[in-house]
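> Following is a predicted model, sequence given first.
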Amino acid sequence: MKMSMKITSFFAVAFMTAFSAFAQEKTVMVGGAEMYPSKNIIENAVNSKDHTTLVAAVKAAGLVETLSGTGPFTVFAPVNSAFDALPAGTVDNLLKPENKGMLTSVLTYHVIPGKVDSKSVMKMIKDGNGKAMAKTVQGADLTFSLDGKNVMVTDSKGNKAKVTTADVYQSNGVIHVIDKVLMP
């Protein structure tokens, strides 16, 4: 009987310890789903109802394994409405197998190597007298600035996206949700 109580107590303590560690994890809600810092970019993104187009594009481009890797990566993740705002047929055209190279270029333009949180972006902007640039995995630059208190990301064509949710930490980097698709 004493051994049974010890075993039961052991499992109860083990469960509570595991639950406590999980419960202490600070999550951010994105697209109606909790984003867990212990999960990687892909493991979290697939749960966001606001990023189904982005996830489909990442799969079509063959970037799931890369964005599940060690990183770290900083991803500027456009919401579905950002893709919907593109000219009619753009997304369907990019998702065609023969356009995989172009799709990969667009997607990797949304990724900066390293873990760049909002504090780092703000410092870069301050140090750059109101403007900062960062090279993307695709190879071209993104420009960061402020519009009031909003961080804006400008692509090489002059289009501006607003960061709507910053610092969604992942095990392999950080995601910043944006309201527009960036074009190299």
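Right, received. Where do you want to start?

> where do the strands sit along the chain?
Secondary structure of the chain (DSSP state E): strands located at 28-30, 33-35, 73-78, 111-113, 132-135, 141-147, 150-154, 160-170, 173-178.

> To Leu67, which of these lies closest?
With Cβ to Cβ, the closest approach to Leu67 among those belongs to strand 73-78: 6.5 Å. The C-beta positions use only the backbone N, C-alpha and C, and glycine is treated the same way.

> Contacts for that closest one, please.
The contact list for strand 73-78 (Cβ atoms under 8 Å, 6 or more residues apart in numbering) reads 41, 45, 51, 53-54, 67, 110-116, 137, 142, 153, 161, 163, 172-182.

> Stretch 47-55 too?
Residues outside stretch 47-55 that contact it (Cβ under 8 Å, 6+ apart): 30-35, 42, 45-46, 77-81, 83-84, 91, 177.

> roughly how far out does it sit from the chain middle?
Computed by Cα atoms, centre = their mean, to the nearest Å, the chain-centroid distance of stretch 47-55 equals 11 Å.

> now swap in stretch 45-63 and tell me
10 Å.

> again with stretch 77-84
That offset, for stretch 77-84, works out to 13 Å (Cα atoms, centre = their mean).

> Then stretch 104-112?
Distance, centroid of stretch 104-112 to centroid of chain: 12 Å (Cα atoms, centre = their mean).

> Filter the contacts of stretch 47-55 down to the buried ones.
Buried members of the contacts of stretch 47-55, counted by 16 or more other Cβ atoms under 10 Å: 30-31, 33, 35, 42, 45, 77-80, 83, 91, 177.

> any idea which of these is closest to Leu146?
Within the buried ones among the contacts of stretch 47-55, proximity to Leu146 (Cβ to Cβ) peaks at Val177, which comes in at 17.3 Å.

> Identify the bridge partners of the closest one.
Assessed by DSSP bridges, Val177 has beta-bridge partners Ala77, Thr165.

> quick one: contacts for it?
Val177 neighbours (Cβ under 8 Å, 6+ apart): 30, 50, 77, 79, 163-166, 168.

> For the closest residue to Thr27 other than its chain neighbours, which residues are in contact?
Of all residues not flanking Thr27 in the chain, Glu34 sits nearest, at 4.1 Å (Cβ to Cβ, 6 or more residues apart in numbering). Residues near Glu34 by Cβ under 8 Å, 6+ apart: 27-28, 47.

> Give me the distance between Glu34 and Ser48.
With distances taken as Cβ to Cβ, to the nearest Å, Glu34 is found 10 Å from Ser48.

> Any stretches of the protein with poor pLDDT?
Counting by pLDDT under 70, the ranges of the chain that qualify are 1-24.
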